[in-house]
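Chemist: 3D, please:
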Amino acid sequence: MSTPTDLATLAASALVGSMTTDVWTYARRRLGALLARHAPDEREQLLTRLDTYQSAVAVVVPEQREAITGSFGRLVAEALRDVVGRSAEVADEVRSLVDDLKSRPEATVVNSNLTFRNIKASRDFIWSGHDTHVSREEQ
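Modeler: Below you'll find the predicted structure:
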């Protein structure tokens, strides 16, 4: 059986790992629901903190990503440790979240880093991953 520190570290790793994929929105929503049930007073502060980390991870160059995610992982684990240790029910929910995030393929990022020009359509939208650019060039 894992300690709250071990489980918080595992959860932090899964959460920070999801920050560079389209899974982040899902992970954030699941964590937000968990916090609403078990740590409502800390929910907004922790989610805001995670959003700040996610914004930084999203723009960092790949060469620096490992260092920054490691640092953020430690900070997230520290923040989650008290929440995880509150009860066996919380620990079970966090384990479920970790298992769920680990089972989601990172390939859920679709059409990432694409550029579309001179789209001739109306009332349509493009559902995509991040770093997609759509522009209309004057002719």
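Chemist: Name the nearest residue to the residue nearest the centre of the chain, ignoring sequence neighbours.
Modeler: Nearest residue to the geometric centre of the chain (CA atoms, centre = their mean): W24, 2.9 Å. Counting by CB to CB, 6 or more residues apart in numbering, W24 lies nearest to S18, which is 4.8 Å off, once chain neighbours are set aside. Any C-beta I mention is one placed from the backbone N, CA and C, and that applies to glycine too.
Chemist: and that neighbour, what is it in contact with?
Modeler: Residues near S18 by CB atoms under 8 Å, 6 or more residues apart in numbering: 24, 26-27, 101, 104.
Chemist: From V60, how far off is T5?
Modeler: T5 is 26 Å from V60, where distance means CB to CB, to the nearest Å.
Chemist: and L80, what does it touch?
Modeler: Neighbouring residues of L80 by CB under 8 Å, 6+ apart: 8, 11-12, 46, 94.
Chemist: Looking at the residues you listed, which one is closest to T52?
Modeler: T52 lies nearest to L46 out of the contacts of L80, by CB to CB, at 10.8 Å.
Chemist: What pLDDT does the model give the closest one?
Modeler: We have a pLDDT of 95 for L46.
Chemist: give me the number of residues near the closest residue to it other than its chain neighbours?
Modeler: Nearest residue to L46, sequence neighbours excluded (CB to CB, 6+ apart): A79, at 5.8 Å. Using other CB atoms under 10 Å, A79 is surrounded by 16 other residues.
Chemist: With the one 5 residues further on instead?
Modeler: By other CB under 10 Å, the residues close to V84 number 26.
Chemist: E63 versus that one, what's the distance?
Modeler: Taking CB to CB, one finds V84 at 32 Å from E63.
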